[in-house]
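> please work out how this folds:
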Amino acid sequence: PQTMFRGIKKVLPGHYLLVENGYLRESKYWDFDTVDCAEEGFKEASRRIEELLGDAVTKRLMSDVPLGVFLSGGLDSSAVVGLMNNAAGDDAINTFTVSYRDGFSEESYARTIADKFKTNHHISYLEAEDFFCSLKTMVAFAEEPIVEPAAIALYHISKLAREKAIVLLSGEGCDEVFAGYHLYKYMSKIDLFHRHLPGVIKELIKSFNGCLPRDKYRKFADWLASPLEVRYQGTSCYLTPSLKKNIYTRDFLSEKSTYLDDVFSQHFNRVRHKDILSQMLYVDTKTWLVDDLLLKADKMTMAASIELRVPFLDYRLVEAAAALPPHYKINKGEGKYIFKKIAEPWLPREIVYRKKMGFPVPTENWFKGEIFSEAETVLRVFKDSPFVNYATIQNMLVQHKRGVEDHSRFISSPVLPPILLVSQLEERKPVSKSL
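Just a heads-up that it's a prediction; the model follows:
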């Protein structure tokens, strides 16, 4: 519930505030932690999910202003376009895609869907310089360090969309509802190893972790040695204990609060009776989804005066999906299994079963070339920092430029936002006084 502004808090998801006789009370009105697994066959469950999804899209088409869809070309947004097309009848749908001229994009997939459903398709091209120049603007709208490369792309496509539509639908939430992230199946496999590893082996892994040559090896070693509730803190939590020891100073880590660990522990405790996949989906819905994906989507679309609607997060659909057995969601390594089977009859197979890309932004290439020097300059602010090991950051930049390891996520996400946010607040003096 905390924000960057003193005296201002967020209402928790699924809660409401009641002000009565001068007193304020926050109460929970909805959750899905008590939803039990439904005993129904795959065909029956598929039919029920398809009906709910169709109705969720139809309900979100109620509007007195022009509508559109953010179309990435992935399964989720393509399904929204297909369902919206059925409900819209003969009216052509406006679809909007962000692309990049260096070939790193989903433009061809988006065009496939746009051609199939005969939409009015619009493309916004984002350049490396546009990306870097937009950082301060984007942080000013976000008002907190939630910066992701995808947020900037979303801001630019929202500005384009505003010329044609005021209400837009998107596919946010599908991965958290139907288990679309690859990390879910990896974590499930890691959990099997963790449960059978002797304690002495886990301690050895922790002891020798720092000797491993690459970050991704140290990350997996940390995961192997830790139980699920410690290991899994959302799909975005890639800074494991070993990586943090390398990046942050010892004094800084010694002052670390247990707040984040306590929050995740509380969420896991509510669903400890459920299977591992259901636990991860619940935790992601309560944290990563609301504090990252939806925050990013809401802030960036509102910055362009766009209203965003997310049919996959219709509460009826969330509850129905939570009641599905785990093998309906991940089957033989295939994520979103039931949803893909539902979409097969009305979407091209190359869309349904294409490799997942999320909301791609070519930061790996950009930070090697066009904006490497800009990133290096900004990161020099940590040269005398009591919090961060500057030598580690320099090494990461060198490794990234040489192609030894992709550190673009670290360069763009957890380091830049605080710097840029502080610079924004310094420019907005009335706001900075409230901190």
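> where exactly do the helices run in the stretch 101-250 of the chain?
Ranges of helices in the stretch 101-250 of the chain, per DSSP state H, counting those that start in this stretch, are 107-116, 128-133, 135-142, 149-161, 174-178, 182-196, 199-208, 215-224, 228-231, 241-247, 250-254.
> right, and the helix or strand after the last one?
I take that to be helix 250-254. Using DSSP states H and E, the helix or strand that directly follows helix 250-254 along the chain is helix 259-270.
> now do that next one: distance to the chain's middle.
Relative to the chain's own centre, helix 259-270 is displaced by 19 Å; criterion: C-alpha atoms, centre = their mean, to the nearest Å.
> go through that helix and flag the buried ones.
264, 267-268 (16 or more other C-beta atoms under 10 Å). Glycine gets a C-beta too; all of them are placed from N, C-alpha and C.
> can you list the residues that contact it?
Helix 259-270 has contacts (C-beta atoms under 8 Å, 6 or more residues apart in numbering) with 31, 33, 228-230, 232-234, 279, 282-283, 286-287.
> recalculate using a threshold of 7 Å.
33, 229, 233, 279, 282-283, 286-287 (C-beta atoms under 7 Å, 6 or more residues apart in numbering).
> from these, which is closest to residue 157?
The closest of the contacts of helix 259-270 to residue 157 turns out to be residue 287 (C-beta to C-beta; 25.5 Å).
> quick one on the thing from earlier: which of the contacts of helix 259-270 count as buried?
229, 233, 279, 282-283, 286-287.
> worst mean pLDDT among the helices of the stretch 101-250 of the chain?
Ranked on mean pLDDT, the bottom entry among the helices of the stretch 101-250 of the chain is helix 199-208, at a mean of 74.
> so who does residue 26 touch?
Taking C-beta under 7 Å, 6+ apart as the test, what residue 26 contacts is 11-12, 15, 17.
> check those and tell me the two furthest apart.
Spanning the widest gap among the contacts of residue 26 are 12 and 17, at 9.8 Å by C-beta to C-beta.
> who has more neighbours, those two?
Between residue 12 and residue 17, counted using other C-beta atoms under 10 Å, the more crowded position is residue 12 (14 against 11).
> give me the nearest residue to that one, chain neighbours excluded.
Spatial nearest neighbour of residue 12, chain neighbours left out: residue 1 (5.8 Å); criterion: C-beta to C-beta, 6 or more residues apart in numbering.
> hmm, that neighbour is touching residue 9, no?
Yes. Using C-beta atoms under 7 Å, residue 1 makes contact with residue 9 at a distance of 4.5 Å.
> isn't there a helix covering residue 50?
Yes. Counting by DSSP: H, G, I helix; E, B strand; the rest coil, residue 50 falls inside a helix.
> any idea how far residue 316 is from the closest residue to it other than its chain neighbours?
Nearest residue to residue 50, sequence neighbours excluded (C-beta to C-beta, 6+ apart): residue 342, at 4.9 Å. To residue 316, residue 342 is 16 Å away according to C-beta to C-beta, to the nearest Å.
> look at these two and report which has more neighbours.
Shown here are residue 342 and residue 316; by other C-beta under 10 Å, residue 342 has more neighbours (21 against 13).
> where does the more buried one fall, secondary structure wise?
Going by DSSP H and E, residue 342 is part of helix 337-343.
> secondary structure class for residue 98?
Per three-state DSSP, residue 98 ends up strand.
> closest to residue 327 out of the helices of the stretch 101-250 of the chain?
helix 182-196 (11.1 Å).
> and that closest one, how far from the chain's centre?
What separates the centre of helix 182-196 from the centre of its chain is 21 Å, taken as C-alpha atoms, centre = their mean.
> list the helices and strands that helix packs on?
helix 215-224, helix 276-286 (3 or more C-beta pairs under 7 Å, 6 or more residues apart in numbering; DSSP states H and E).
> can you put the ones you listed in a markdown table and add distance to residue 373?
Converted to a markdown table, those look like this (distance: least, C-beta to C-beta, whole Å):
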| stretch | distance to residue 373 |
| --- | --- |
| helix 215-224 | 23 |
| helix 276-286 | 36 |
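> next up, the contacts around residue 326.
Contacts of residue 326 by C-beta under 7 Å, 6+ apart are 275, 277-278.
> count the neighbours of residue 160 for me.
17.
> which of the contacts of residue 326 has the most neighbours?
residue 278 (23 neighbours).
> wait, isn't that one in contact with residue 271?
Yes. The pair residue 278 / residue 271 is scored as a contact, 6.3 Å apart, by C-beta under 7 Å.
> looking at the residue positioned nearest the centre of the chain now. What's its pLDDT?
The centroid of the chain falls nearest to residue 293 when counting by C-alpha atoms, centre = their mean (4.3 Å). pLDDT, residue 293: 89.
> pretty sure it contacts residue 170?
No. The criterion here is C-beta under 7 Å, and residue 293 misses it with residue 170 at 10.0 Å.
> name the residues contacting each of these two.
In contact with both residue 293 and residue 170: no residue, using C-beta under 7 Å, 6+ apart.
> so, low pLDDT: which residues of this structure?
For the chain, the stretches with pLDDT under 70 are 89-90, 102-104, 146-147, 208-213, 236-238, 357-360, 413-435.
> give me the number of residues near residue 1?
9.
> for it, give me its contacts.
9-10, 12.
> same thing with residue 306?
158, 161-162, 166, 168.
> same check, this time on residue 71
When contacts are counted by C-beta under 7 Å, 6+ apart, residue 71 touches 77-78, 81, 95-97, 110, 113-114.
> ok, these vs residue 332, which is closest?
residue 78 (22.7 Å).
> the closest residue to the closest one other than its chain neighbours - how many residues pack around it?
In this structure, residue 78 finds its nearest non-sequential neighbour in residue 113, 4.6 Å apart by C-beta to C-beta, 6+ apart. A count of nearby residues for residue 113, using other C-beta under 10 Å, gives 27.
> quick check: residue 113 vs residue 350, distance?
11 Å.
> so residue 347 lies in a strand, does it not?
No. Applying three-state DSSP, one finds residue 347 to be coil, outside a strand.
> isn't it up against residue 78?
Yes. Counting by C-beta under 7 Å, residue 347 touches residue 78, with 5.7 Å between them.
> and these two? Which one has more around it.
residue 78 (29 against 21).
> check contacts around that one.
Applying C-beta under 7 Å, 6+ apart, the residues contacting residue 78 are 71, 113, 347, 351.
> for stretch 170-183, which outside residues touch it?
By C-beta under 7 Å, 6+ apart, stretch 170-183 touches 70, 74, 76-77, 79-80, 235, 277, 281, 284-285, 289, 293-294, 297, 308, 310, 312-313, 317-318, 321, 329-330, 335-336, 338-339, 356.
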